[in-house]
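**Student:** Next comes the sequence, and after it the predicted model I'd like to discuss.
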Amino acid sequence: MAGKLTTAQGTGILLVTANVGSLFEDPENLQKTWLREFYQTVQSHKPHFLAVHCQEVGGKNYEASMSHVDSFVKELLSSDAMKEYSRARVYLDENYKSQEHFTALGSFYFIHESLKNIHQFDFKAKKFRKVVGKETCSETLESTPSLEKEKFPQDYFPECKWSRKGFIRTRWALADCAFDLVNIHLFHDASNLVAWEKSPSVYSGTRQKALGYVLDRITDQRYERMPYFVFGDFNFRLDSKQVIESLCSTATMQTVRTSDTNEVDKLIFRESDNDRKVVLQLEKKLFNYVNQDVFRENNGTSLLEYDKELSVFKDRLHELEISFPPSYPYSEDSNQGKEYMNTRCPAWCDRILMSSSARDLVLKPENEEKSIVYDNIGPNVCMGDHKPVFLSFRITAGAGKPNANKHKCCVVQ
């Protein structure tokens, strides 16, 4: 990293979201590649403040992966690439024995040595405190004053079955403005067949309810309202019914049912002519489409018209234009960087969203367009089943002035 990083051009911010579940299944191969690509992104953008929101830390079996998680964190905190980040805060939800609390979320924050003044909010004392040194918290995050962590109420979970879904919020003050950063993981589509049944799908309704819950919590009356960035694995999917009807517009559909229960087992879409070639085979966990290129050509952006889950929140959440391919589900084969698995319809699950006031911070007129980048990490190599997504921007001096006065950001301890 260049040693002469200054804040003269504004404070460089890099936000990253990464579902890292795959890294702990194959730490030998995947983790090295992932870290190399991550470090390259940091070195390329040289942020003063770096926030990394991870989901599925520890993979599917946290207990077995604990040592891998520890080495992953140790590597991030001590690596040569990060040596100029003199302060750090790491929050890991490791409470895997508690079903009603465990979210498998991990939030990492790194502050460059050239950034002199940064404060973090204490939610118990309701005041900002200066950030010094490096700290890792992994015990009961519920009682950690520097964050708010919640798992969704049980009745929000599909069929009321617990899974590792929830959010963690932290609040920061720097460069004369303050903002909230929210790490989030929403519910996935359990079955492609159920997702296909109606538009919008039953799963998108569950995600909508949970995201609404988070937005209500972070803007309620308990604390002063701040600009907020919500980034994580939203599990947003393309409208399954509509996208399949488009991809298979000239095909005929065959329904295969199980002999014992007569439930739909698979749907097979075939071309009417051309030897009745199979275009798409759909099962609970199979989405086998004949031409994956449609998800890669022009970064798959022709399919963005079917990406509709955010439209319900258009007054509360904003996003920069997407110009990268769907972030999930990539092959976990370390030799394949661009192939999708044929388990789900590729979708933009991993996103960086923001409130109107946060968008104003990012898009301040003083901000040159070229300094704002919204993209993925490791486009050509295997990063696991999710490609991390990042947003790089600068907060220019004075961007948060009205905010700073209003929210007393400068009254810190």
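**Tutor:** Ah, there it is.
**Student:** for the protein, what helix or strand is lowest in average pLDDT?
**Tutor:** None of the helices or strands of the chain scores lower by mean pLDDT, DSSP states H and E than helix 401-406, at a mean of 45.
**Student:** partners of the most centrally placed residue in the chain in the sheet?
**Tutor:** Compute the mean C-alpha point of the chain, and by C-alpha atoms, centre = their mean the closest residue is Gly232, 2.2 Å away. Bridge pairing for Gly232 (DSSP bridges) gives the partners Ile184, Arg351.
**Student:** next one: Arg270
**Tutor:** Residues in a beta bridge with Arg270, per DSSP bridges, are Thr252, Val278.
**Student:** gap between it and Gln254?
**Tutor:** To Gln254, Arg270 is 7 Å away according to C-beta to C-beta, to the nearest Å. Every residue, glycine included, has its C-beta placed from N, CA and C.
**Student:** what about these two, which has more around it?
**Tutor:** Legend: neighbour count by other C-beta atoms under 10 Å for Arg270 and Gln254, higher for Arg270 (18 against 13).
**Student:** residue ranges for the strands of the stretch 101-250 of the chain, please.
**Tutor:** Assigned by DSSP state E, counting those that start in this stretch, the strands in the stretch 101-250 of the chain fall at 106-112, 118-122, 127-130, 134-137, 148-151, 166-174, 177-185, 228-233.
**Student:** residue ranges for the helices of the stretch 151-300 of the chain, please.
**Tutor:** With DSSP state H, counting those that start in this stretch as the criterion, the stretch 151-300 of the chain has helices at 192-197, 202-218, 240-247.
**Student:** Columns mean pLDDT and distance to Asp80 on top of those, output as a markdown table?
**Tutor:** Output for the helices of the stretch 151-300 of the chain, formatted as a markdown table (pLDDT from 0 to 100; distance: least, C-beta to C-beta, whole Å):
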| stretch | mean pLDDT | distance to Asp80 |
| --- | --- | --- |
| helix 192-197 | 97 | 44 |
| helix 202-218 | 96 | 36 |
| helix 240-247 | 97 | 44 |
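**Student:** Any stretches of the stretch 1-150 of the chain with poor pLDDT?
**Tutor:** Scanning the stretch 1-150 of the chain for pLDDT under 70 picks out the ranges 1-8.
**Student:** how about the residue lying closest to Leu282 once chain neighbours are set aside, what does it touch?
**Tutor:** Distances taken as C-beta to C-beta, 6 or more residues apart in numbering place Leu267 nearest to Leu282, at 4.4 Å, with adjacent residues excluded. Residues near Leu267 by C-beta atoms under 8 Å, 6 or more residues apart in numbering: Leu193, Trp196, Met253, Gln254, Thr255, Val256, Leu280, Gln281, Leu282, Glu283.
**Student:** so what's the third one closest to, chain neighbours aside?
**Tutor:** Using C-beta to C-beta, 6+ apart and skipping the chain neighbours, the partner closest in space to Met253 is Phe269 (5.4 Å).
**Student:** so the one you found sits right up against Cys248, yeah?
**Tutor:** Yes: Phe269 sits in contact with Cys248 when judged by C-beta atoms under 8 Å, with a separation of 4.2 Å.
**Student:** Identify the contacts common to those two.
**Tutor:** The contact sets of Phe269 and Cys248 overlap at Val279, Leu280 (C-beta under 8 Å, 6+ apart).
**Student:** and Glu135, what are its bridge partners?
**Tutor:** As for beta bridges, Glu135 partners with Arg89 under DSSP bridges.
**Student:** what's the neighbour count on it?
**Tutor:** A total of 13 residues lie near Glu135 under the criterion other C-beta under 10 Å.
**Student:** residue contacts, it?
**Tutor:** Ala88, Arg89, Val90.
**Student:** Tell me which stretches of the stretch 301-413 of the chain form strands.
**Tutor:** Using DSSP E, counting those that start in this stretch, the strands of the stretch 301-413 of the chain run over 350-354, 373-376, 389-395.
**Student:** Looking at the ones you listed, which is nearest to His53?
**Tutor:** Among those, the nearest to His53 by C-beta to C-beta is strand 350-354 (9.0 Å).
**Student:** Can you tell me which helices and strands the closest one packs against?
**Tutor:** With contacts taken as 3 or more C-beta pairs under 8 Å, 6 or more residues apart in numbering; DSSP states H and E, strand 350-354 sits against strand 11-19, strand 228-233, strand 389-395.
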